[in-house]
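In: how would this look folded up:
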Amino acid sequence: MGRASIERPKHLAGKLAFIRKSMGLSQNQIIAKLDFAGRLTQAEISAFELGKRLPPLKVLLRYARAYGIHVDDLIDDEVVLGGLS
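Out: Presented below is the predicted three-dimensional model:
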């Protein structure tokens, strides 16, 4: 039996990049802000923002808390953050 592919949120990558940029942070600074220093790399943040990798749930939770939103706002493609569409 093969594994079914997971439907990825279409706008998650853009939302993560939007959050970081709207907070005026570099990719390395967001790692520190999320308290993942030594556990996440800049390359991983880049991969999340480019949609090449899905972030772990704990990372999504910390992005949401840092920006003052709910996790479902990140993964729901019908929710728009700021100037994103």
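In: quick check: mean pLDDT across stretch 37-45?
Out: Averaged over stretch 37-45, pLDDT sits at 97.
In: Now do the buried residues in that stretch.
Out: L40, E44, I45 (16 or more other Cβ atoms under 10 Å). Quick note: C-beta positions are derived from backbone N, CA and C, even for glycine.
In: Now the last one: closest residue in space, sequence neighbours ignored.
Out: It refers to I45. Setting aside the residues directly before and after it, I45 is nearest to Q27 in space (Cβ to Cβ, 6 or more residues apart in numbering), at 4.3 Å.
In: Let me see the residues that make contact with the helix or strand where I30 lies.
Out: Taking DSSP states H and E as the criterion, I30 maps to helix 27-33. Residues outside helix 27-33 that contact it (Cβ atoms under 8 Å, 6 or more residues apart in numbering) are R20, M23, L25, A37, L40, T41, Q42, I45, S46, E49, A66.
In: What is the burial count for the closest residue to L25 other than its chain neighbours?
Out: Residue nearest to L25 in three dimensions, not counting chain neighbours: K33, with 6.1 Å by Cβ to Cβ, 6+ apart. Using other Cβ atoms under 10 Å, K33 has 16 other residues around it.
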